[in-house]
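Peer 1: let's see this in three dimensions:
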Amino acid sequence: MIKTSTLSKTRQPLQSSLLAGVFIACASPGFAQPVDAPVPAAAAPAVVIRGADRQLDENLRAHLRVLSEPCSAEQRRLDRLLPEVTRDVERAAQALGYYQLRQQTSFTAGTPCWSLNIEVTPGQPASFGPPQINITAGQYSGSILLPNGEIGEIDPFARLLAESPVREGAQLLHSNYEDLKSSLSAVAVDHGYFAARFNRSELRVDLQRNVADVTIDFDPGPRYQFGTINISPLDELSSRLIGLYLPFVEGSPYSSDMLIKLRESLNDSQYFSQVAVTPQLSMNLAGGASGGTSGGTSGDNRQQAGAHIGGRVVPVTIDLTPRARRSWSAGLGVTTDIGPRLTLAYQDHYFNRSGHRLNADAALAPTRQEPNLSYVMPMRNPATESLSISTGYLGQQTDAFNSDTYRVGVSYRSTVDAWLLGNEWLRNIYTNFQRENSVINELREQSNLTISGINWARTQSDDPIFPTRGWRLFGQISGASNAFLSDMSFLQLHVTGKYIHPFGRGRLLLRAEAATTIVDALGELPVTIRFFTGGDQTVRGYQFNSLGALNELGEVIGGKHLLTGSAEYDFEVRPGWKMAVFYDVGNSFADFAAINLHKGVGVGVRWMSPIGPIRADLGMGVGSSTEKDSFRLHITMGPDL
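Peer 2: Residues are numbered from 1 along each chain as shown. Prediction:
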């Protein structure tokens, strides 16, 4: 015997098939919504189900319509409802593939309310046979050339079918079959197949084989394309600059993902207070002609991704409201490494119509002063790359050294793929000329260096301020040569990482940092190029920059190499407050043969304040003869990543 669960043989447009899908879902087994039952004052019907696993039990209860019967129902009335209960149980079981289910049901009238006993023997659930899914090639086929030169997605349905739970041997769930059809329709609409239709969609259950055979013939039809791109004119910014943000051009295959990407890029540009990207679907689903790009796009991006097909185009309107041109900000903070800190910032968001920016900022603290000025120019792909010319000063006054560093440089920032490490890495290539005057252990030094380098950084987390899981990685290679505007030569490698993962009641936070320098002698390195440890961000329990390689007199002079690590566990003790325990280890050293790692342990308190986490840690150094068994308070603020 073969039971046909759903069957649609007529050729239907997508809109009609969606309505038919709703009708079929109502007429065929599926996951029903629980029936709203009256809320009794003191009693409710008792439903006892035996022989069902949790999933089947929940679906049986969701299908029972008899729960609306009042508690005062008589036994005769309840017995007349047994056929209805039997049908409900059968429908609920078949929705999960249990076509061989046997059942026994009975009512018992009583006080304060009646009860229903259901005993089932589910049997072996039916499984999907090899699905026969045919997606007819649309009128638009072949590779798609995107504005960035990459080859676009050829078959937008391939990933959906690869991940679908409708596969041979899987348990029959009618909801999976219906979800597959809905997903095919949704993918079609998202990718511009607005005339998509099901030529055939059928689920047949062979009760003798206990197998469900799926047959779907889906015709996406022709793919629509992007038509006229209308950009609202702005006095503040050129249409050419805005056109550089477009991830598609007129004639590119329609994709809702591209529209979302465009909106996100414009929002992230910091040029606009409001962004609206609107496809004019209602105007062109029946066909129409396209024009050019109103407002203009970049000349390099005017290549056509494909010929227009039968006038099936979707114009796009981009409405933008520029933000205020200039902004100022000020802030106060405190850490035990540098003390109280005042930060000031000024930004001219669009210095000219080409979108150039002028940034000025200063961070002022008793032991550290750092003003900077930069001029930033967007490049060919302004959403992911920019060129910056900057200058600045860094003054440091610590117990280990004092320094004054003047800098001028240029850097190129872009978002790239990092080979096996994934995409969306921020890459920075830079060259800086710096002059440094320093005093360390009463020895005055002066140096001129032209330092070039490249670094990569990426942060991923489930929350930017209070993450429960996530990670951050940073890697850098830098160096200088005495053959080019430098007093000395060196090569330096530097890697840092942090990892956060939920563990038990709280979070486990792991941190590591490693660096090495290739140089003839440690004394040749300027103090700002050397490595020091100790303090809030390295080894707690020790004073800021109090650890490092020592000279003959036992004075800290910094090191060529660095190695630190930390393990921390925090957990909530009340809403908005956490306790933490930690173990830090590390040091900087002049030679790998003379590694002397210092250790710090302690406890801490975290307040999840409205402006971000504020931390207070009490650390004890346990690896230094000078600071062993001494306690030190560390206060920091800011995101964990």
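
Peer 1: give me the sheet partners of the helix or strand containing residue 634 and which way each runs.
Peer 2: According to DSSP states H and E, residue 634 maps onto strand 630-637. When pairing is defined by DSSP bridges, strand 630-637 lines up against strand 612-621 (antiparallel).

Peer 1: can you tell me the average pLDDT over the partner strand?
Peer 2: Averaging pLDDT along strand 612-621 yields 93.

Peer 1: let me see the mean pLDDT of stretch 434-447.
Peer 2: Per-residue pLDDT over stretch 434-447 has a mean of 91.

Peer 1: so which bits of it are buried?
Peer 2: Buried residues in stretch 434-447, counted by 16 or more other C-beta atoms under 10 Å: 434, 436, 438, 440, 445, 447. Yep, even glycine has a C-beta here, placed from its N, CA and C like the rest.

Peer 1: just checking, the second one touches residue 407?
Peer 2: No. The criterion here is C-beta atoms under 8 Å, and residue 436 misses it with residue 407 at 9.0 Å.

Peer 1: show me the shaky parts of the stretch 301-450 of the chain.
Peer 2: Along the stretch 301-450 of the chain, segments meeting pLDDT under 70 span 301-311, 418-421.

Peer 1: what segments of it are strands?
Peer 2: Applying DSSP state E, counting those that start in this stretch to the stretch 301-450 of the chain gives strands spanning 313-322, 326-335, 339-348, 357-365, 368-378, 385-397, 401-416, 425-440, 443-461.

Peer 1: just these: most buried one?
Peer 2: strand 313-322 (a mean of 19; mean count of other C-beta atoms under 10 Å).

Peer 1: list the neighbouring strands of it plus their orientation.
Peer 2: The pairing partners recorded for strand 313-322 under DSSP bridges are strand 225-231 (parallel), strand 272-279 (antiparallel).

Peer 1: let me know which of the ones you listed is tucked in deepest.
Peer 2: strand 225-231 (a mean of 23).

Peer 1: can I get that strand as PDB, trimmed to CA atoms?
Peer 2: Extracted C-alpha coordinates of strand 225-231, given in PDB (Å, rounded to 0.1, in the frame of the first residue of the first chain):
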ATOM      1  CA  GLN A 225      19.200  41.700 -12.800                       C
ATOM      2  CA  PHE A 226      19.900  45.000 -11.200                       C
ATOM      3  CA  GLY A 227      18.800  47.900 -13.300                       C
ATOM      4  CA  THR A 228      19.200  51.600 -12.800                       C
ATOM      5  CA  ILE A 229      21.100  52.500  -9.600                       C
ATOM      6  CA  ASN A 230      19.700  55.900  -8.400                       C
ATOM      7  CA  ILE A 231      21.900  57.600  -5.900                       C
END
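
Peer 1: what about the very next helix or strand once past that strand, average pLDDT?
Peer 2: Using DSSP H and E, the helix or strand that directly follows strand 225-231 along the chain is helix 239-243. Mean pLDDT, helix 239-243: 91.

Peer 1: helix 239-243 packs against which elements?
Peer 2: strand 225-231 (3 or more C-beta pairs under 8 Å, 6 or more residues apart in numbering; DSSP states H and E).

Peer 1: and the strand it packs on, what's its mean pLDDT?
Peer 2: Here strand 225-231 scores 92 as its mean pLDDT.

Peer 1: beta partners for residue 460?
Peer 2: With DSSP bridges as the rule, residue 460 is bridged to residue 471.

Peer 1: relative to residue 498, how far out is it?
Peer 2: 11 Å (C-beta to C-beta, to the nearest Å).

Peer 1: overlap in contacts, those two.
Peer 2: Shared contacts of residue 460 and residue 498, defined by C-beta atoms under 8 Å, 6 or more residues apart in numbering, are found at 471-472.

Peer 1: can you name the element that comes right after the helix or strand where residue 179 lies?
Peer 2: For residue 179, the enclosing helix or strand under DSSP H and E is helix 174-190. Next in sequence after helix 174-190, counting helices and strands by DSSP H and E, comes strand 197-206.

Peer 1: what sits up against the helix or strand following that following strand?
Peer 2: As assigned by DSSP H and E, the chain's next helix or strand after strand 197-206 is strand 211-219. Contacts with strand 211-219, where a contact means C-beta under 8 Å, 6+ apart, come from 5, 11, 97, 126-129, 131-136, 138, 157, 166, 172, 177, 180-181, 184, 188, 196-206.

Peer 1: report the mean confidence score over strand 211-219.
Peer 2: Strand 211-219 carries an average pLDDT of 94.

Peer 1: now that strand: buried residues?
Peer 2: Neighbour-count burial for strand 211-219, counted by 16+ other C-beta under 10 Å, picks out 211-214, 216-219.

Peer 1: that one vs strand 197-206, what angle?
Peer 2: For strand 211-219 against strand 197-206, the angle by axes from the mean of the first three to the mean of the last three C-alpha atoms, to 10 degrees is 170 degrees.

Peer 1: could we number from 37 for the rest of this?
Peer 2: Sure, I'll start numbering at 37, so the last one becomes strand 247-255.

Peer 1: who does strand 247-255 pair up with?
Peer 2: strand 163-164 (parallel), strand 168-171 (parallel), strand 233-242 (antiparallel).

Peer 1: give me the contacts around stretch 117-135.
Peer 2: Contacts of stretch 117-135 (C-beta under 8 Å, 6+ apart): 39, 41, 65-68, 91-92, 95-96, 98-102, 105, 137, 139, 141-143, 152, 154, 156, 158-159, 161-163, 207-211, 241, 243, 246, 248.

Peer 1: sorry, wrong one. I was asking about stretch 534-551.
Peer 2: By C-beta under 8 Å, 6+ apart, stretch 534-551 touches 497, 503-508, 528-533, 567, 574, 597-608, 614, 622, 676-677.

Peer 1: let's see it at 6 Å
Peer 2: Stretch 534-551 is contacted by residues 503-508, 530-533, 567, 598-607 when judged by C-beta atoms under 6 Å, 6 or more residues apart in numbering.

Peer 1: over to stretch 353-368?
Peer 2: Here stretch 353-368 has contacts from 266-268, 270, 272, 308-310, 312-314, 379-385, using C-beta under 6 Å, 6+ apart.

Peer 1: before we move on, back to that, got the angle for the strand holding residue 670 vs strand 362-371?
Peer 2: Relative orientation of strand 666-673 versus strand 362-371 (the same axes, to 10 degrees): 160 degrees.

Peer 1: how many neighbours does residue 386 have?
Peer 2: Around residue 386 there are 22 other residues, counting by other C-beta atoms under 10 Å.

Peer 1: how about the strands of the stretch 337-486 of the chain in JSON lines, adding distance to residue 545?
Peer 2: Below are the strands of the stretch 337-486 of the chain laid out as JSON lines (distance: least, C-beta to C-beta, whole Å):
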{"stretch": "strand 349-358", "distance to residue 545": "41"}
{"stretch": "strand 362-371", "distance to residue 545": "18"}
{"stretch": "strand 375-384", "distance to residue 545": "24"}
{"stretch": "strand 393-401", "distance to residue 545": "25"}
{"stretch": "strand 404-414", "distance to residue 545": "25"}
{"stretch": "strand 421-433", "distance to residue 545": "28"}
{"stretch": "strand 437-452", "distance to residue 545": "27"}
{"stretch": "strand 461-476", "distance to residue 545": "22"}
{"stretch": "strand 479-497", "distance to residue 545": "12"}
